[in-house]
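S.K.: What follows is a predicted protein model with its sequence.
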Amino acid sequence: MDADLKYKVEVLQEWYNQNGKPWTRTYLIYGPSGTGKSSLVAATVNYLSFDVYDLNIKEHRLNSWL
């Protein structure tokens, strides 16, 4: 990550901390099979060196699971 971008991220993180906001991002990616959803996520997290958590909601359809 270049120095300017890193500085901007640090400033934003500090602003979130000072204002009591969580510094998190959550995305719901949906669409028909074969449109590149998984590839998009894999490429993005690889590029950003992030961790990704995959939740298959088909397995947990009952409210008791949520």
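M.R.: It's in. Numbers count the residues shown, from 1 in each chain.

S.K.: In this structure, which helix is the longest?
M.R.: Across the chain, the longest stretch assigned as helix under DSSP state H is helix 3-18.

S.K.: That one: which residues count as buried?
M.R.: For helix 3-18, the buried set under the neighbour-count rule, 16 or more other Cβ atoms under 10 Å, is empty. The way it works is simple: take the backbone N, C-alpha and C, and place the C-beta from them, glycine included.

S.K.: What's the mean pLDDT across the very next helix or strand once past it?
M.R.: Per DSSP states H and E, helix 3-18 leads on to helix 37-48 as the next helix or strand towards the C-terminus. Here helix 37-48 scores 91 as its mean pLDDT.

S.K.: Pull the residues that contact helix 37-48.
M.R.: 29-31, 50-52 (Cβ atoms under 8 Å, 6 or more residues apart in numbering).

S.K.: Specify which member of the residues you listed is nearest to residue 10.
M.R.: Set against residue 10, the nearest of the contacts of helix 37-48 by Cβ to Cβ is residue 50 (16.5 Å).

S.K.: And the closest one, how close does it get to residue 25?
M.R.: Here the criterion is Cβ to Cβ, to the nearest Å. By it, residue 50 lies 9 Å from residue 25.

S.K.: Looking at these two, which one has more neighbours?
M.R.: residue 50 (10 against 6; other Cβ atoms under 10 Å).

S.K.: need the contact list for that one.
M.R.: Residue 50 neighbours (Cβ under 8 Å, 6+ apart): residue 44.

S.K.: Which helix or which strand is home to it?
M.R.: Going by DSSP H and E, residue 50 is not in any helix or strand.

S.K.: got it, and the one 4 residues further on?
M.R.: When secondary structure is defined by DSSP H and E, residue 54 falls outside every helix and strand.

S.K.: What count of nearby residues applies to it?
M.R.: So residue 54, with other Cβ under 10 Å, has 6 neighbours.

S.K.: thinking again about what came up before, run the chain-centre distance for the longest helix of the chain.
M.R.: 17 Å (Cα atoms, centre = their mean, to the nearest Å).

S.K.: again, but for stretch 31-43
M.R.: On Cα atoms, centre = their mean, the centre of stretch 31-43 falls 14 Å from the chain's centre.
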